[in-house]
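# Generate a structure from the sequence data that follows.
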Amino acid sequence: MNKQTLTFPENFWWGSAWSAEQSEGRGETGKAETVWERWYKQEPYRFYNRISSETTTDHIHRYKEDVQLMKKTGHNSFRVSISWARMFPNDGTGEVNPQAIAFYRDLFSEMTKQGIKVFANLYHFDMPAKLQDKGGWESREVVDAYVHFADTCFKEFGDLVYHWFTFNEPLGPILGSYLEDFHYPNIIDFKRGAQAAFFTILAHAKAISAHKKRQLQSKIGVILNLSPTFPRSQNPADVQAAELADLFYTRSFLDPMVKGVFPEKLTLLLDEYGQLPEDITEEDLRIIKENTAQILGLNYYEPRRVKARLGAINPNGPFLPEWFFENHIMPGRKMNEYRGWEIYEKGIYDLCMDIKNNYGNIEAFISENGMGVADEERFMDENGQVIDDYRIAYIQDHLAYLWKAIQEGCNIKGYHLWTFIDCWSWINAYKNRYGLVSLDLPTQKRTIKKSGEFYKRLSDANSFDYDVDLLV
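Alright, predicted model coming up:
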């Protein structure tokens with residue numbers, strides 16, 4: 001065993017992240033119906049144990065207590081999202097809601113008072129339902145409404161926010177809404193999804209332009225869920241399959257949002273199959289080119305492993321990325337069985353090196369990483385504390401590879417865990433728990449887990465001890 005103290009750069013951001021829809025609860029401030037609330041009304045059976053986002057972690061009523069818990073679990077930074085539906089309860093447009101402004105100003109002021117930097121994200125899957133009726137991200141009208149929402153947030157909270165983010169995981173709603181049936185309105189249509197993706201990227205660029213005009217001290221960027229893509233083998237067919245999968249799932253948003261240009265190979269492929277979006281102007285492309293992310297959040301959970309497709313494609317079936325590859329199950333892989341995800345700690349290093357080598361080593365941080373586990377009550381001690389040694393090991397193993405990436409020159413400024421207090425997780429509701437703090441749903445009682453105590457020690461020391469022989 002070769003134990004070594006792994007020390008992180010000075011002023012490293014230690015924290016976690018969650019979103020408005022997953023944590024706030026509806027509350028009394030006024031709020032437009034979101035796509036999640038509508039979907040729950042229409043198909044409640046889609047949601048685990050039929051639990052909606054009506055109450056979630058009730059953060060809107062308990063935020064002062066929660067900020068104290070942030071402090072007790074070692075946070076010097078925290079990512080929230082601002083609810084578009086709460087800021088503009090008249091279906092996402094119209095007059096801004098003064099009660100929403102008061103709530104967010106109070107929350108951000110409380111965080112700042114406690115020495116916790118506010119990382120504010122503007123969109124985390126929570127489209128106001130009436131804007132979805134207007135076409136959602138397929139609509140220029142919705143892009144304009146989003147930019148108005150973003151600019152209002154810059155105006156109202158610009159003095160309190162340390163960093164801004166236009167979107168969290170913009171790929172998610174495209175996959176869920178247009179390709180894989182896990183987001184409302186559950187359309188299977190790649191070309192419409194490509195149009196929605198393009199307008200999402202345009203909205204990102206226009207929000208950055210609005211931020212620049214405000215001349216705020218903060219930076220603005222985007223948070224992307226990125227999985228390094230590994231071919232099954234070095235057979236040319238497997239390598240090509242991995243390259244194509246990577247274009248669809250990684251470069252599609254990363255290139256235009258960070259470099260300002262779309263990957264040529266992907267554009268040519270979509271054109272060949274008649275799947276390019278049609279509503280694109282030269283002015284759109286100029287705006288995207290001139291307004292790129294100043295900081296990049298990296299959400300890492302699992303690698304992507306693929307192989308060359310052997311089975312024939314049904315030409316009458318919907319066009320999907322899987323036309324060009326098959327997923328590969330690597331023998332001997334380590335799994336989080338609850339979530340169905342492979343645990344591959346070195347992937348966080350591979351991801352950071354990709355950003356260093358191919359994206360100008362843009363300022364970046366790990367904006368999500370974490371482990372969801374079901375039935376954590378099994379691990380409670382007699383005092384009601386979850387003894388989650390598995391989560392502590394998960395964090396340490398990933399942080400060791402993050403430390404290695406930093407040693408090799410990656411411009412990584414921090415690490416945010418998903419998540420702070422166990423939160424509502426979309427259609428999975430509370431099936432898997434991710435928090436540093438456990439939540440008892442009936443009583444809303446919060447209890448710091450063993451991992452929360454570990455995280456405080458980690459943050460205070462800015463280091464931890466690790467057997468570096470385990471790093472490969």
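# Check whether Lys116 really touches Val67, as I assumed.
Rather than Lys, residue 116 is Ile. Yes - shown here, Ile116 and Val67 form a contact pair, counting by C-beta atoms under 8 Å, at 6.9 Å. (C-beta placed from N, C-alpha, C; glycine too.)
# Please say which of these two ends up with more neighbours.
Neighbours per residue (other C-beta atoms under 10 Å) separate Ile116 from Val67, with Val67 holding more: 22 against 19.
# Enumerate every residue touching the nearest residue to that one once chain neighbours are set aside.
Excluding the flanking residues, the one nearest Val67 by C-beta to C-beta, 6 or more residues apart in numbering is Glu110, at 4.7 Å. For Glu110, the contact set (C-beta atoms under 8 Å, 6 or more residues apart in numbering) comprises Tyr63, Lys64, Val67.
# check contacts around Tyr301.
Going by C-beta under 8 Å, 6+ apart, Tyr301 touches Asn225, Ser227, Arg339, Trp341, Glu368, Asn369, Gly370.
# switch the cut-off to 7 Å
By C-beta atoms under 7 Å, 6 or more residues apart in numbering, Tyr301 lies in contact with Trp341, Asn369.
# Could you look up the SS state of it?
Put simply, Tyr301 is coil when judged by DSSP: H, G, I helix; E, B strand; the rest coil.
# Ends of stretch 330-341, what's the gap?
12 Å (C-alpha to C-alpha, to the nearest Å).
# If you count neighbours, what's buried in that stretch?
Neighbour counts over stretch 330-341 (16 or more other C-beta atoms under 10 Å) mark Asn336, Tyr338, Arg339 as buried.
# Might one say that Ala245 is in contact with Phe325?
Yes - using C-beta atoms under 7 Å, Ala245 is in contact with Phe325, at 4.9 Å.
# quick one: common contacting residues for those two?
Residues touching both Ala245 and Phe325 (C-beta under 7 Å, 6+ apart): Val306.
# Check the secondary structure at Gly297 for me.
strand.
# coming back round to it: how about TSV for the buried residues of stretch 330-341, with secondary structure, pLDDT and distance to Ser233 added?
Shown next, in TSV, are the buried residues of stretch 330-341 (DSSP: H, G, I helix; E, B strand; the rest coil; pLDDT from 0 to 100; distance: C-beta to C-beta, whole Å):
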residue	secondary structure	pLDDT	distance to Ser233
Asn336	strand	89	25
Tyr338	coil	87	30
Arg339	coil	81	27
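# Which one of these is nearest to Asp144?
Closest approach between the buried residues of stretch 330-341 and Asp144, by C-beta to C-beta: Arg339, at 36.9 Å.
# Now do the contacts for that closest one.
Taking C-beta under 7 Å, 6+ apart, we find Arg339 in contact with Gly372, Asn432.
# May I have the phi/psi pair for it?
The phi and psi values for Arg339, taken as degrees, to the nearest 10, are phi -100, psi -20.
# Which residues are in contact with Pro303?
The contact partners of Pro303, by C-beta under 7 Å, 6+ apart, come to Ser227, Pro228, Phe230, Glu342, Tyr344, Gly347.
# Out of those residues, which two are the most distant from each other?
Greatest spatial distance in those: Pro228 and Glu342, 11.4 Å, computed using C-beta to C-beta.
# what about these two, which has more around it?
In terms of neighbours (other C-beta under 10 Å), Pro228 is the more surrounded of Pro228 and Glu342; the figures are 22 against 18.
# what residues are up against the more buried one?
Shown in contact with Pro228 (C-beta under 7 Å, 6+ apart): Pro303, Arg304, Gly347, Asp350, Leu351, Asp354.
# What score does the last one have for pLDDT?
According to the per-residue confidence, Asp354 scores 98 in pLDDT.
# measure it to Tyr466 for me?
Separation of Asp354 from Tyr466 (C-beta to C-beta, to the nearest Å): 23 Å.
# just the fifth one next, same as before
Using C-beta to C-beta, one gets 19 Å for the distance from Leu351 to Tyr466.
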